[in-house]
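Asks: predicted coordinates and the sequence they were generated for:
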Amino acid sequence: MIRYDILPTRCGDLLVAINESGLMHVDFVAGLRALPDMSGWQQEREALAPFLAEFDAYFAGRLQRFSLPLAARGTAFQQAVWQALCDIPYGETRSYSDIARAIGKPDAVRAVGAANGRNPLSIIVPCHRVIGQNGSLTGYAGGLEIKKMLLDLENSQRNATTSHAT
C-alpha cells in the first residue's frame with residue numbers, strides 16, 4: 001500500500017509518498033514533471049508524520065541530512081548517480097561532469113543528466129545541487145525557481161552556521 005500526503009513548504013506544495021519499505025516519492029506538486037498516478041494511494045498524514053517532520057526541519061534550516069528509510073526504485077546506474085548526489089555536501093553544488101567522474105563513468109555526462117531527471121526523491125536525493133559546468137542553473141523537475149530557492153536556503157543556512165562557528 002502506498003500512503004501519501006501533501007506538505008505545504010516555502011517552495012510550494014510537496015507530494016510525499018511512502019510504501020512498506022520507506023520513502024518512495026517526493027515531488028513538487030506544481031513542478032515540471034507529471035505527478036504519478038495516485039489512484040489506489042491512500043492519503044494518511046499520521047503514517048507520514050516522521051517524514052514530514054524531517055521536511056519541516058529541513059525547510060526551517062535545522063536539518064542538513066535526512067535519516068529516514070528510502071525506497072526509490074531505479075536501475076543500477078540510476079542508483080549509483082542518486083548515491084553520488086547524496087554525497088554532495090549540504091549547501092554545495094557539483095556539475096554533471098563531477099557526478100559522472102564520481103561514479104567512475106566520466107563519459108556518461110548525458111546519462112547522468114537523465115538519471116538526475118528521473119530522481120523520484122526530490123530534496124532527499126539532492127538533485128537541486130547539480131548545476132552546469134559553467135555554474136549556471138540547469139533543469140530541475142520542480143522548476144528553476146524552486147531550484148534557486150533550495151540552493152539559497154542551503155547557502156544561507158550554511159553561511160549562518162559558518163559565521164556562528166567563527
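Replies: Sure, I can see it.

Asks: so what touches stretch 127-146?
Replies: By CB atoms under 8 Å, 6 or more residues apart in numbering, the residues outside stretch 127-146 that reach it are 11-12, 27-28, 30-33, 85, 88, 92-97, 99, 113, 116-117, 119, 122, 147-148, 150-151, 154. For the C-beta atoms, the positions are set from N, CA and C on the backbone; glycine is no exception.

Asks: can you pull out the strands in the protein?
Replies: 3-7, 14-19, 22-28, 42-43, 94-95, 130-131 (DSSP state E).

Asks: what's the neighbour count on the nearest residue in space to residue 116 that is not next to it in sequence?
Replies: Using CB to CB, 6 or more residues apart in numbering and skipping residues adjacent in sequence, the residue nearest residue 116 is residue 127, 4.9 Å away. Residue 127 has 26 neighbours, counted by other CB atoms under 10 Å.

Asks: same deal with residue 130?
Replies: When neighbours are counted by other CB under 10 Å, residue 130 comes out with 26.

Asks: what about it, distance to residue 87?
Replies: 12 Å (CB to CB, to the nearest Å).

Asks: what of residue 133?
Replies: Counting by CB to CB, the gap from residue 133 to residue 87 is 19 Å.

Asks: quick revisit: can you tell me which of the contacts of stretch 127-146 are buried?
Replies: Among these, those classed as buried by 16 or more other CB atoms under 10 Å are 11-12, 27-28, 31, 33, 85, 88, 93-96, 99, 113, 116, 119, 122, 147, 150-151, 154.

Asks: return the subset of those lying in helices.
Replies: Using DSSP state H, the subset of the buried ones among the contacts of stretch 127-146 located in helices is 85, 96, 99, 113, 116, 147, 150, 151, 154.

Asks: buried residues in stretch 108-127?
Replies: 108-109, 111-113, 115-116, 118-127.

Asks: about what we covered before: now tabulate the ones in helices among the buried ones among the contacts of stretch 127-146 in JSON lines and tack on pLDDT and distance to residue 65.
Replies: Shown next, in JSON lines, are those (pLDDT from 0 to 100; distance: CB to CB, whole Å):
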{"residue": "85", "pLDDT": "96", "distance to residue 65": "12"}
{"residue": "96", "pLDDT": "95", "distance to residue 65": "22"}
{"residue": "99", "pLDDT": "97", "distance to residue 65": "18"}
{"residue": "113", "pLDDT": "94", "distance to residue 65": "24"}
{"residue": "116", "pLDDT": "94", "distance to residue 65": "19"}
{"residue": "147", "pLDDT": "94", "distance to residue 65": "19"}
{"residue": "150", "pLDDT": "95", "distance to residue 65": "15"}
{"residue": "151", "pLDDT": "96", "distance to residue 65": "16"}
{"residue": "154", "pLDDT": "95", "distance to residue 65": "11"}
